[in-house]
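Student: fold the following.
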Amino acid sequence: MDYLEEQRSELEAIEAIYPIEFKLVSDSPITFMISVKSETYEEGGEEGLACTLKFVFTPKYPEQVPDIEIIDDEEEEEDNSNLEPEDILDLTEFLRQQANENVGMAVVFTIVSAAIEWLNNKWDSILKEREDEAERKRIAEEEAEHQRFEGTRVNVQSFIAWKTAFDLEREAAKKKLNIGKDKVSADSIKLTGRELFMRDKSLIDSDLKFDEDDDAGPIDESLFEDMEDLDIADSDEEN
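Tutor: Modelled structure (predicted):
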């Protein structure tokens, strides 16, 4: 088998299939890169996944597996990878496994197709994780809101403790209220000197007004006829 001829023939086919994604790096050994991306990938956006595969044909390829690498260098112009480091390791191992399963055949197209499928599946998994996280957050918020309205669940012990404290507070409030009432009653009985004076003055004024009213008309002597039988002397002794 003319390995170099086989390699060049496959290289032409790959360049024709991926005219935009393909870039030749070296003729000897044949080295090239192919950019791959998921279906939803948008350059500069946050949707989808992408990376760049680097192939190096070994001297006896396709009887030997090619060297496969995923470029992860920010200084490389061709590096458009937005994969996490652990994802790069997983994808590299997956692609090398695919190459080992197809030794003796042209495997570049198979490897590239497998890489695209892996990116699509990985992106679907990321979206699922985001949805699950959003759902967990929503459920947690709903549970917190429910707890806020439902309040603390009451058991026998907590109810007894609450009832005891409530009864003590109510008894203390009743005692305080009764003390206040007693104080008000005592204050109402006690009169200051000024209050006594004002009360006596009002009585005097009332008597004077009564006397003035008596002067307004003649006295009816018949009203006193029944008083002749009263024991005036006894009254004087009592005084």
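Student: domain assignment for this protein?
Tutor: If you go by automatic domain parsing, the domain ranges for the chain are 3-127, 157-214.
Student: out of the ones you listed, the one nearest residue 141 is which?
Tutor: For residue 141, the closest of the domains of the chain is domain 3-127, at 21.2 Å, according to C-beta to C-beta. C-beta coordinates here come from the backbone N, C-alpha and C atoms, glycine included.
Student: now the end-to-end length of that closest one.
Tutor: With C-alpha to C-alpha, to the nearest Å as the measure, domain 3-127 spans 43 Å from end to end.
Student: follow-up on the earlier one: between the domains of the chain, which gets the lowest average pLDDT?
Tutor: Lowest mean pLDDT within these: domain 157-214, at a mean of 65.
Student: so where's the longest helix in this structure?
Tutor: Determined from DSSP state H, the single longest helix within the chain is helix 108-150.
Student: show me what the one helix or strand residue 36 maps to is packed up against.
Tutor: Using DSSP states H and E, residue 36 sits within strand 30-37. Strand 30-37 sits against helix 3-17, strand 22-27, strand 50-56, helix 108-150, with contacts defined as 3 or more C-beta pairs under 8 Å, 6 or more residues apart in numbering; DSSP states H and E.
Student: looking at the ones you listed, which is buried most?
Tutor: Neighbour counts (mean count of other C-beta atoms under 10 Å) averaged over each of the helices and strands packed on strand 30-37 peak at strand 50-56, with a mean of 21.
Student: after that strand comes which helix or strand?
Tutor: Where DSSP H and E defines the elements, the next helix or strand beyond strand 50-56 is strand 67-70.
Student: that following strand packs against which elements?
Tutor: Counting by 3+ C-beta pairs under 8 Å, 6+ apart, the packing neighbours recorded for strand 67-70 are strand 50-56, helix 85-100.
Student: show me which positions of that strand end up buried.
Tutor: Neighbour counts over strand 67-70 (16 or more other C-beta atoms under 10 Å) mark 68, 69, 70 as buried.
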